[in-house]
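Peer 1: structure for this input, please:
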Amino acid sequence: MPRVLTHRRRQAAPPVPDATRLQLMWLASPALPVGGFSYSEGLEAAIDRGLVQDETSASAWLRDQLQLSLSRADLAVLARAVPAWQRHDLARITALNDWVIQTRETSELRLQAEQMGRSLVEWLRNRRMEGAATSATASDPRLAACAALPPAPTWPVAFALAVAQCLPSGVPAQPTTVREALVSFTFGWAENMAQAAIKAVPLGQSAGQRILQSLIDTIPAAIDQALSLGDGERQAFTPMLAILSSQHETQYSRLFRS
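Peer 2: Residues are numbered from 1 along each chain as shown. Okay, here's the model as predicted:
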């Protein structure tokens, strides 16, 4: 008697459509007018204190920041906020936004999160695309809800809305799509931080590209960590970064806003 198979073959996740991937690439672009280039997130203060002095120390600093800060906080929030925006779950969105506000350890880091969030919402309001998607995007009630988040929409929450607007209405985001969104967010951060290192250390363009490569090598594991975190496992605890960020507020000479 032939053996009866009692398990089902696991279906592969559907690929992310090209149109969605292109939208996510757009959100990762340094040309996005949200002001990310004006922040170093404490890196400039680390350079001023001699903790970062060259390509090697800059690369190590940024990899640590990716793993210990971004992965455990903003990426984890983004992973939960995208499906919440798709469900129009404003209570969930408000709770995530509150968490980001409450866990920013210095005024500079909080102002960055708020300013970039506001700027992205304004861009979403004003962008105009060729084709039929313009009116649907402009009339999206989630945009007004995001803009009204008190005291401001934060960067990862606003970014999650931009991602949700890239996706078909009423269709839950696939895990592959959420992961692609985190890749987009993290690569945009990595490019900005590599450029900050080039300007502030200072370094040459080739050194900046090597730093970017070292971050790219680390990004997949950081995203895996972020996707695995539950609400009670998110954290924003980086004491040295908080101290440096506070010191940056009164630093004598500086190029960046954080």
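
Peer 1: only C-alpha atoms for contact and neighbour calcs from this point on.
Peer 2: OK.

Peer 1: what is the neighbour count of E114?
Peer 2: When neighbours are counted by other CA atoms under 10 Å, E114 registers 21.

Peer 1: how near is it to L244?
Peer 2: Per CA to CA, to the nearest Å, E114 is found 20 Å from L244.

Peer 1: again with G232
Peer 2: Taking CA to CA, one finds G232 at 27 Å from L244.

Peer 1: the two: which has the busier surroundings?
Peer 2: L244 (22 against 6).

Peer 1: helix/strand/coil for the more buried one?
Peer 2: With DSSP: H, G, I helix; E, B strand; the rest coil as the basis, the three-state label of L244 is helix.

Peer 1: I figured it hits A45, correct?
Peer 2: Yes: between L244 and A45 there is a contact under CA atoms under 8 Å: 5.6 Å.

Peer 1: give me every residue that touches I211.
Peer 2: 55, 58-59, 194 (CA atoms under 8 Å, 6 or more residues apart in numbering).

Peer 1: now do the SS call for F187.
Peer 2: helix.

Peer 1: measure it to K199 for me?
Peer 2: With CA to CA as the criterion, F187 and K199 are 19 Å apart.

Peer 1: contacting residues around R127?
Peer 2: By CA under 8 Å, 6+ apart, R127 has no neighbours at all.

Peer 1: on that earlier part again, in CSV, list the contacts of I211 along with secondary structure.
Peer 2: Below are the contacts of I211 laid out as CSV (three-state DSSP):
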residue, secondary structure
E55, helix
A58, helix
S59, helix
A194, helix
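
Peer 1: of the residues you listed, buried ones?
Peer 2: For these, a burial check counting by 16 or more other CA atoms under 10 Å picks out 55, 58-59, 194.

Peer 1: how about A152, nearest residue that isn't a chain neighbour?
Peer 2: With sequence-adjacent residues excluded and distances taken as CA to CA, 6 or more residues apart in numbering, A152 is closest to E114, at 5.7 Å.
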